[in-house]
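1. Okay, predicted coordinates and the sequence, questions at the end:
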Amino acid sequence: MSTATYKVTGMTCGHCEASVREEVGEIPGVTGVDVSAATGDLTVTADGAIDDAAVRAAVTEAGYSATRA
């Protein structure tokens, strides 16, 4: 199991969190997504290695941008 933390910019509300959670949650192997609009933190947990490019692409698909913290 591995965990990675990202900083997400542009989130302002619970709907933003839900959008990011849904997109990142669809990545194969991801077992947990914890996201906070208040802090901009996104923590991803996965069975194996976390694909940074896939996480960033999923966040972009949700309408935001992310960088590895």
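-> Arrived safely, thanks for sending.

2. Show me what the top strand by length along the chain is packed up against.
-> In the chain, with assignment by DSSP state E, the single longest strand is strand 2-9. Helices and strands touching strand 2-9, as assessed by 3 or more CB pairs under 8 Å, 6 or more residues apart in numbering; DSSP states H and E, comprise strand 41-46, helix 52-62, strand 65-68. C-beta here means a position set from N, CA and C on the backbone, and glycine is covered the same way.

3. same thing but 7 Å
-> With contacts taken as 3 or more CB pairs under 7 Å, 6 or more residues apart in numbering; DSSP states H and E, strand 2-9 sits against strand 41-46, strand 65-68.

4. Next, format the ones you listed as CSV and append mean pLDDT.
-> Putting these into CSV (pLDDT from 0 to 100) gives the following:
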stretch, mean pLDDT
strand 41-46, 98
strand 65-68, 97
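
5. Let me have these in a markdown table, extended by mean neighbour count and distance to residue 34.
-> Conversion of these to a markdown table gives the following (neighbours: other CB atoms under 10 Å; distance: least, CB to CB, whole Å):
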| stretch | mean neighbour count | distance to residue 34 |
| --- | --- | --- |
| strand 41-46 | 20 | 4 |
| strand 65-68 | 15 | 13 |
